[in-house]
Every structure is written in C-alpha cells, then in structure tokens.
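# Provided below are the primary sequence and the corresponding predicted coordinates.
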Amino acid sequence: MLAIILQPDHEARETVAVDEMRRDHVTAAVTLAMCALAAVPGLCVLAARVAAPQKDLTPFMAWVGKQTPPSQPLYVLGEFDETIRALVPFVTGRKAVATSREDLEATHPSFVLVQDKEGTRGPPPGPRYELVRDERFGVGRYLSLWRLAPRSYSEVERSGVGPQ
C-alpha cells in the first residue's frame with residue numbers, strides 16, 4: 001500500500017500534464033495580450049502618420065530660405081496668415097512682406113511666395129514670374145515659390161526700376 005501512495009498513478013500524471021498545459025496556455029494568452037496592448041500606441045502613431053497629410057511647413061520654408069537672397073524680404077501673395085508671418089522670419093531669417101499683384105507690377109521682387117488655403121496653387125504673381133516649386137500641406141494649404149523670369153529680370157533692369 002505504501003508503494004501505491006508513493007507512486008502516482010497514470011491518472012494523476014495526466015492531470016499534472018493537463019494542468020501544466022493549461023498554465024502554458026494562460027501564460028501565452030497573457031503574454032499575447034500584453035504585447036497587443038503595448039503595440040496599440042505604436043500602431044496609432046504609425047497610422048496617423050500614414051493617414052494624415054503632411055502639415056509641417058518648416059522643410060519647405062528652409063528650402064525657400066536657401067533659394068532667396070538673404071538681403072531681401074520675402075514677398076507673400078495670397079493668404080498672409082499668422083503662420084506665414086511667424087514662420088518666414090523664424091526659418092528663413094527674412095522679413096515676410098504682404099504684397100498684391102499691383103505692388104508686384106511696380107516693385108518686381110526677385111522671388112514671391114504664394115499661399116492659398118483653398119487647396120489650389122493660388123494666383124500666379126504675374127506673367128513675368130515662373131514657378132520654381134510648389135507643395136501642398138494638409139488638406140487646404142498650398143505654397144508655391146515663384147521667381148522673376150530671367151528675361152523679365154533684364155527687362156526690369158533696362159527700365160531702371162530694378163528688383164527689390
């Protein structure tokens with residue numbers, strides 16, 4: 001009788017094995033749940049980055065700053081909002097000056113930044129300007145950099161007005 005008590009029977013061995021498998025399944029389920037919970041914030045960030053359009057104007061404005069003469073202000077045609085008023089001096093080191101098409105015809109600045117918040121390229125500065133680069137930001141903001149065309153630049157020099 002003592003031998004029977006010391007040696008577990010076949011059923012007891014199966015019960016121990018089943019209990020161990022259940023613990024393994026519970027551990028695996030808990031581990032899977034913790035991994036899923038840890039992955040949710042990362043997936044949300046990734047999905048937001050992919051789904052949301054780019055709204056950071058800084059890289060484009062830094063590029064504009066490299067294209068335009070440092071001694072000249074940056075003339076802005078179109079929507080002259082607080083973002084442009086703050087970002088142009090901060091990123092490019094230049095003063096942002098609101099302008100109109102009529103002023104452009106009189107002053108002929110070398111470069112003009114056009115901003116439109118209706119999702120289109122916005123009004124071109126005039127026939128003397130050529131598009132350098134344009135980019136859409138978010139759903140509605142559109143920026144484009146225009147420069148005085150070389151042929152127009154020489155016409156302006158001959159007229160004595162000179163680009164500002």
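The structure has been received and is ready for your questions.
# pretty sure V88 contacts A62?
No: using Cβ atoms under 8 Å, V88 makes no contact with A62, being 11.0 Å away. Any C-beta I mention is one placed from the backbone N, CA and C, and that applies to glycine too.
# Neighbour count for these two, which is higher?
Neighbour count, other Cβ atoms under 10 Å: between V88 and A62, V88 has more, with 23 against 12.
# ok so that one is a helix residue?
Yes: counting by DSSP: H, G, I helix; E, B strand; the rest coil, V88 falls inside a helix.
# From Q115, how far off is it?
Using Cβ to Cβ, to the nearest Å, V88 is found at 10 Å from Q115.
# Secondary structure element holding the residue nearest to V132 when sequence neighbours are not counted?
Using Cβ to Cβ, 6 or more residues apart in numbering and skipping residues adjacent in sequence, the residue nearest V132 is L145, 4.5 Å away. In this assignment (DSSP states H and E), L145 forms part of strand 141-148.
# Tell me which residues are up against that strand.
Here strand 141-148 makes contact (Cβ atoms under 8 Å, 6 or more residues apart in numbering) with 55, 57, 60, 64, 67-68, 108-122, 124-125, 128-137, 156, 163.
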